[in-house]
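Student: Quick one, structure for this:
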Amino acid sequence: MNIEKTFIKDLLIITPNVFTDERGYFLESYNKNNLRTLLDNDFVQDNESLSQKNVLRGLHFQKPPHEQAKLVRVITGSVLDVVVDLRKDSTTFGQHFKQLLSAENKKQLYVPTGFAHGFLVLEENTIFSYKCSTYYNKESEGAILWNDRTLNINWNVNQPIISEKDKIAEKFTNFVSPF
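Tutor: Numbers count the residues shown, from 1 in each chain. This is a model prediction of the structure:
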């Protein structure tokens, strides 16, 4: 397993070892013992979504005391995965990080608590999977507007397919971070 640090503290790219032969491939997508020293949490819930090309989901987060760390990956297809640092004492507060996650590259992104998370689907029938460190809590959900000018995220898409909830998410300029 290869672990790569990013310019944002605690945000990690994890690439599993992949073993291939004439039958296909095998990989270990998560091993608590191997990641124990890096990931300071236990995962309690797994989620999966199926999306079509140009669907944009996010930028979502869970507020304390139900904040979530996530380990995200793509099973089929590909996404442009984006996170925004919402930790007010962080030197990278308000900065974003983008990573291509795909069935082909098998990369995973570890997103610690205190981040907003979203992704743009790049291929039809993309299956996105993620582990969460706490259970979903509707009253704690939050969202930052995906195209907020302050964040200046280039999603490389003109007309994304967005939920009504995400269309009216909070502007970052009005956001008071609970992290």
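
Student: Now do the helix or strand bottoming out on mean pLDDT in the chain: everything it contacts.
Tutor: Here the helix or strand of the chain ranked lowest by mean pLDDT, DSSP states H and E is helix 32-35, holding a mean of 76. Residues from elsewhere that reach helix 32-35 (CB atoms under 8 Å, 6 or more residues apart in numbering): 1, 14, 28, 42. (C-beta placed from N, C-alpha, C; glycine too.)

Student: Now do the residue most central in space within the chain against Asn31, distance only.
Tutor: In the chain, the centroid-proximal residue (CA atoms, centre = their mean) is His117; its distance is 4.6 Å. Going from His117 to Asn31 by CB to CB, to the nearest Å gives 22 Å.

Student: continuing past the least confident helix or strand of the chain, what's the next helix or strand?
Tutor: strand 45-51 (DSSP states H and E).

Student: Just the C-alphas of that next one, formatted as CSV.
Tutor: Taking C-alpha atoms only, strand 45-51 is exported to CSV below (Å, rounded to 0.1, in the frame of the first residue of the first chain):
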residue,chain,number,x,y,z
GLN,A,45,-20.7,2.9,8.0
ASP,A,46,-20.1,2.2,4.3
ASN,A,47,-22.0,4.1,1.6
GLU,A,48,-22.2,3.6,-2.2
SER,A,49,-23.7,5.7,-5.0
LEU,A,50,-24.4,5.1,-8.7
SER,A,51,-24.3,8.2,-10.8
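
Student: Extract the C-alpha set from the helix or strand Leu100 falls within and format it as PDB.
Tutor: According to DSSP H and E, Leu100 maps onto strand 96-102. Provided in PDB are the C-alpha atoms of strand 96-102 (Å, rounded to 0.1, in the frame of the first residue of the first chain):
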ATOM      1  CA  HIS A  96      -9.300  22.900  -2.000                       C
ATOM      2  CA  PHE A  97      -7.700  19.700  -3.300                       C
ATOM      3  CA  LYS A  98      -8.700  17.700  -6.400                       C
ATOM      4  CA  GLN A  99      -7.900  14.100  -7.200                       C
ATOM      5  CA  LEU A 100      -8.900  11.800 -10.100                       C
ATOM      6  CA  LEU A 101     -10.300   8.600  -8.600                       C
ATOM      7  CA  SER A 102     -11.100   5.800 -11.000                       C
END
